[in-house]
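Chemist: Need a 3D model of the following:
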Amino acid sequence: MRQHHPWFRLSPDNQTPVYDITALITLLLCLCIPNLLFAQTSGLPSKSDHEDTVEKLKDRLHQIEEQHRKELADLKERLGVVEQRQSSLSDELAQNIRVGAYGAVAFETFHDRRATHDGNFELLISGQFHDRIRVYTEIDLGLPHGTADAEQAYVDLLLTQAFNVRAGVLLIPFGKFNLDHFDPRRDLIRPPSVARLVTPTTWSDLGFSAFGFVPISENVKATYEIQVINGLTDKFLAAPGYLPDPGLQSARSGLRTDNNGDKAVVGRGTLKFFDQYEMGFSGYRGEYKPGSNDLITGIGFDAEFKPRNVRIWENFQLRSEFARFDLQGSTTPSSLWGYYLQLTYRFWPSALNSTILGRHFNNPTFALVGLYGRTKMNTTASPTGSLTGEQIIVGFNYRPVEDYVFKMEYQFNNGQFNQFPSDGFLTSIAWIF
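Modeler: Okay, here's the model as predicted:
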């Protein structure tokens, strides 16, 4: 008899063995499905894992935002510091540096030449970056000739009231007119002939100086300035066959290096009494040729009288100036001298206060000006041995304010040694700010 395997059983007809397939499959599924479900579940993030990740991202984003806020606040703080420094620098510059200017436009018509417009414009810069150190610059912009020059550009070291030091481009203290040459401050349009032909106004040079103020008594005060400069040159001498330039205008150095090894010394001292009388004394000495010891020497005298507390005279002002230069080793010219006297009378009719000339102005003034001057140059270029000139000027001014002036004048010019060779009419407007 055949034995049957336990996994088999007979069919109803007891002839065919059949596996219990259903039981086997069921057993396998019971064993495998839990494992598969566990494996799939373990591979997916749980709800708590999602929440942890979101929280971490939020924390990181918050940290980044905080960092950006700090960086932005720091940047704003730095920008504020820069702006504050710029503002402080601007305030400091505004407090320590001043910029101004003055100018004049003139119309001239003389009998021997065409009418023309002329003028000048100059820039003024001053500053004091220490209580005892100050700077000053005056630049002629060269209108209308197109050549800009520094008339003054110096620095002062203030030591005591009686002694101070200056260096740079210096305005030469020879005569008062050269020091007080500003157009808006003058009562006449053009300098007198002596200030152009004898003293070469405007006269500047490179060098060093010492200056000071000395109060002698309550009513007497003294000032001085002594300079060591390059000095005048020999460019006033004419080439063979040509007359020399009139005066010493072309003898100025033009701020170039010295043409000889000697330095010139020039100075001016003043005495002022009761704030009414002022007298000035000037001197100059220096070589002017290369390879020669020939000298140019000069002396000058100037005076000003402003009466006070005398009703009849207090509106008058009298000014005068004399200058002379002698030139060794030169016959064309050998010497030059000249002088002028100027009288100014200031007034204002009260009847004009309500007119367009006086309305809205605090202290408008008129001025009548008269000037007489003479000049002379000794030279072998003239058959008589000298050339002379005479000048008479009559002028009128209107100043609605002190720093703005309208001028008119007529000049009578005679002789060969004169600033202008013929008579003429001039008018100008000058201002300073």
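
Chemist: Hmm, A303 is touching G280, no?
Modeler: Yes: counting by Cβ atoms under 8 Å, A303 touches G280, with 7.3 Å between them. All C-beta spots, glycine's among them, are computed from the backbone N, C-alpha and C.

Chemist: Between these two, which has more neighbouring residues?
Modeler: Between A303 and G280, counted using other Cβ atoms under 10 Å, the more crowded position is G280 (21 against 16).

Chemist: if I read this right, that one contacts D302, doesn't it?
Modeler: Yes: at 4.4 Å, G280 counts as touching D302 under the criterion of Cβ under 8 Å.

Chemist: So for the two, which residues contact both of them?
Modeler: G175, K176 (Cβ atoms under 8 Å, 6 or more residues apart in numbering).

Chemist: Tell me which residues touch the residue nearest to the spatial centre of the chain, please.
Modeler: Centroid check for the chain by Cα atoms, centre = their mean gives I125 as the closest residue, at 3.0 Å. Counting by Cβ under 8 Å, 6+ apart, I125 touches I97, R98, V99, G100, V135, Y136, T137, I139.

Chemist: measure the first one to D149 for me?
Modeler: Yep, that's I97 we're talking about. 22 Å (Cβ to Cβ, to the nearest Å).

Chemist: What of D183?
Modeler: Taken as Cβ to Cβ, the span from D183 to D149 is 16 Å.

Chemist: Comparing these two, which shows the higher neighbour count?
Modeler: The neighbour comparison of D183 against D149 (other Cβ under 10 Å) goes to D183, with 25 against 15.

Chemist: For that one, what are phi and psi?
Modeler: phi -60, psi -50 (degrees, to the nearest 10).

Chemist: ok, now E138?
Modeler: Residue torsions, per degrees, to the nearest 10, at E138 are phi -130, psi 120.

Chemist: so what's it bridging to?
Modeler: L124, Q152 (DSSP bridges).

Chemist: burial count for it?
Modeler: Using other Cβ under 10 Å, E138 has 24 neighbouring residues.

Chemist: check contacts around it.
Modeler: Applying Cβ under 8 Å, 6+ apart, the residues near E138 are E122, L123, L124, A150, E151, Q152, A153.

Chemist: thought the last one was touching G168?
Modeler: Yes: the criterion here is Cβ under 8 Å, and A153 meets it with G168 at 5.1 Å.

Chemist: of the contacts of E138, closest to N418?
Modeler: Distance to N418, by Cβ to Cβ, is smallest for E151 among the contacts of E138, at 24.5 Å.

Chemist: quick one: the nearest residue to the closest one once chain neighbours are set aside from N397, how far?
Modeler: Nearest non-adjacent residue to E151, counting by Cβ to Cβ, 6 or more residues apart in numbering: E138, 4.6 Å away. Separation of E138 from N397 (Cβ to Cβ) stands at 23 Å.

Chemist: ditto for A210
Modeler: 37 Å.

Chemist: repeat for D118
Modeler: Relative to N397, and taking Cβ to Cβ, D118 is found at 18 Å.

Chemist: When the two are compared, which one has more neighbours?
Modeler: N397 (21 against 16).

Chemist: before we move on, back to that, please identify which of the contacts of I125 is nearest to Y224.
Modeler: Y136 (18.6 Å).

Chemist: how deep is the closest one tucked in, by neighbour count?
Modeler: 19.

Chemist: For the strand or helix carrying it, buried residues please.
Modeler: Per DSSP states H and E: Y136 is located in strand 133-140. For strand 133-140, burial by neighbour count (16 or more other Cβ atoms under 10 Å) applies to R134, V135, Y136, T137, E138, I139, D140.

Chemist: what about the stretch 201-350 of the chain, any weak spots by pLDDT?
Modeler: In the predicted model, the stretch 201-350 of the chain carries pLDDT under 70 at residues 238-245.

Chemist: Kindly report the same for the stretch 1-150 of the chain.
Modeler: 1-52, 80-95.

Chemist: can you pull out the helices in the protein?
Modeler: Remark: helices assigned in the chain by DSSP state H are 21-43, 47-96, 176-179, 193.

Chemist: Can you give the contact residues for the helix or strand following the third one?
Modeler: Put plainly, it is helix 176-179. Next helix or strand after helix 176-179 toward the C-terminus (DSSP H and E): helix 193. With Cβ under 8 Å, 6+ apart as the test, helix 193 has contacts from G338, Y340, G373, T375, G389, Q391, N413, F417, N418, Q419.

Chemist: nearest spatial neighbour of the last one, skipping sequence neighbours?
Modeler: It stands for Q419. Nearest one to Q419, counting by Cβ to Cβ, 6+ apart, is S193 at 4.2 Å.

Chemist: For T109, give me its contacts.
Modeler: A115, T116, G424, F425, L426.

Chemist: Brilliant, that's me finished.
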